[in-house]
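Student: Quick one, structure for this:
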Amino acid sequence: MQPARRITLTDDVYAAVQALIMDHEVQPGARINIDALARRLAVSPTPVREALARLESDGLVSKTPLVGYTATALLTRAQFEELVEMRLILEPVAAARAAGAGLDDTDLTGLRTAADLPGPAGADGYAAIAAFTTQDARFHHALAGLSGNRMLHDAVVRLRAHLHLFRLHFPAAHYGISAREHHRVVDAVGAGDPDAAAAAMRDHLTAARDRHLPYFETR
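Tutor: Residues are numbered from 1 along each chain as shown. Predicted structure coming up:
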């Protein structure tokens, strides 16, 4: 086991590098100099390498042999549409399966808690929305987990949709509206209605897509 201090440092460096990428302080497509990044964060290169390995699995950086790490490019309009299409294939099915699973009160309470989303944090850049994006992912991942299909859950998690979408921009309209949409899904799941749960999830994903579309119209 790693010492607690080392684990905390690794997590802190991961969060710091993630924020630099999400805020475009490390520009999309830019090479990442590990030593320079370590100096900037006042740490050794080791936790930076560990953070970059985690960020590679998140899809925020890519590694090329003999070249090193590069921040991945932003989603194009076509890639954005593909991401939404994948979510529309996977997540309504997950919601329907969860609704048909006969969840107990503990599972439903946990899901309702996850459905709530925090408002702006009063910080700048990604720090202002980090809690929102984390909680948004927690809800979608938890719902997929309650589907009872491990491969379906893993596929939803691997999309890392919250990171890719909110790296583009953050529509202020998400505040309040997204949580209400989440709770409509949970209400249908709690009622044991697979069709209504799938429809509510489809409506949520489609509405979220529409909130992001203006970004591509101004590029």
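Student: Can I take it that Arg87 is in a helix?
Tutor: Yes - judged by DSSP: H, G, I helix; E, B strand; the rest coil, Arg87 forms part of a helix.
Student: Need phi/psi at the residue of the chain most remote from its centre.
Tutor: Here the chain reaches farthest from its C-alpha mean at Leu66, the gap being 29.7 Å by C-alpha atoms, centre = their mean. Main-chain torsions, Leu66, degrees, to the nearest 10: phi 70, psi 0.
Student: For Val48, give me its contacts.
Tutor: Shown in contact with Val48 (C-beta atoms under 8 Å, 6 or more residues apart in numbering): Val13, Val17, Ile34, Leu37, Ala38, Leu41. Glycine gets a C-beta too; all of them are placed from N, C-alpha and C.
Student: okay if I get these as TSV plus neighbour count and distance to Leu103?
Tutor: Formatted as TSV, those follow (neighbours: other C-beta atoms under 10 Å; distance: C-beta to C-beta, whole Å):
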residue	neighbour count	distance to Leu103
Val13	23	37
Val17	26	37
Ile34	15	45
Leu37	21	44
Ala38	17	46
Leu41	17	42
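Student: which of those lies closest to Ala161?
Tutor: Closest approach between the contacts of Val48 and Ala161, by C-beta to C-beta: Val17, at 20.0 Å.
Student: picking that back up, for the residue farthest from the centre of the chain, give me the pLDDT.
Tutor: Looking at Leu66, its pLDDT stands at 84.
Student: Run a quick neighbour tally on Pro120.
Tutor: Residues lying near Pro120 (other C-beta atoms under 10 Å) number 12.
Student: State the phi and psi torsions of it.
Tutor: phi -60, psi 150.
Student: what does the model give the nearest residue to it once chain neighbours are set aside for pLDDT?
Tutor: With sequence-adjacent residues excluded and distances taken as C-beta to C-beta, 6 or more residues apart in numbering, Pro120 is closest to Ala128, at 5.3 Å. At Ala128, the model reports a pLDDT of 90.
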